[in-house]
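[1] predicted model, plus sequence, below.
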Amino acid sequence: MEPVTGPRQMISITGKKINSLAYSVKSIADRKQLNAKRYPLFTKKGFTLIELLMVLSIMALILAVAAPLFIHSRRDLKLRAAANNIATSLRTARSYAITKNGEYAVDFDLEEDKFVLVYPDPENSQKRTIIEKRLKLPENIDIYNSSFLAVEISDSGDPDNGETIYRASFKPTGQFNGTNGQAVWIKDLHGKIKRIYVISTTGAVEINETPPS
């Protein structure tokens, strides 16, 4: 059988191309319909003004509720961090006392809202060796009370130019050199407090929110 040539061959080839094009168009249409069923939200042409206003209203409501919670959480985090810093200094003093076999302490200055790790002079209670630099509480957080031992100290060596600090000291055994539950209290501008206290028998340092009695 002779092969088809001439106009009949061109018609046959053109017909195949048309059929192929029609199949491609049908495939695209079928794919769009399938996507419309799978992802109906992405087939919309846009949002109406009412829909946009509703979304903005919901977002504003969520922001109004969440903002105060965020501010309160951030404030509480700042107070908690300050309490943890004090607790860390107390635990460090206890560790020094054990490893160096001597009495070490943390002195609290309620007027300046500062505290510092020290080695008290065994021969003279007014003298001390500062082990680490003084630490100051963050702005708007105060040391407002302490039941630790009140001590008159003079870093200048002049007994007439002394100051009163509150000392939490630890024995070489790691025990607290004081009565159980002695503490220091800090608070923020909104009156929220943290109590950092020491268990005398073990020297453990704990934090809670119990106010001074």
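    That came through, no problem. Note that the structure is a prediction, hence the values are computed from the model and not measured.

[2] what about the most centrally placed residue in the chain, which helix or strand?
    The chain has residue 77 as the residue nearest its centroid, 5.7 Å off, counting by Cα atoms, centre = their mean. Taking DSSP states H and E as the definition, residue 77 sits inside helix 49-100.

[3] average pLDDT for that helix?
    For helix 49-100, mean pLDDT rounds to 85.

[4] also stretch 130-148?
    In the prediction, stretch 130-148 has an average pLDDT of 92.

[5] what's the end-to-end length of that stretch?
    This stretch, stretch 130-148, spans 18 Å end to end (Cα to Cα, to the nearest Å).

[6] so what touches that stretch?
    78-79, 81-82, 85, 89, 92, 96, 104, 108-110, 112-119, 155, 166-168, 178, 181-189, 212 (Cβ atoms under 8 Å, 6 or more residues apart in numbering). For every residue, glycine as well, the C-beta is placed using N, CA and C.

[7] 7 Å instead?
    Residues from elsewhere that reach stretch 130-148 (Cβ atoms under 7 Å, 6 or more residues apart in numbering): 78-79, 82, 85, 89, 108, 110, 113-119, 166-168, 178, 182-189, 212.

[8] those residues in helices, which ones?
    78-79, 82, 85, 89 (DSSP state H).
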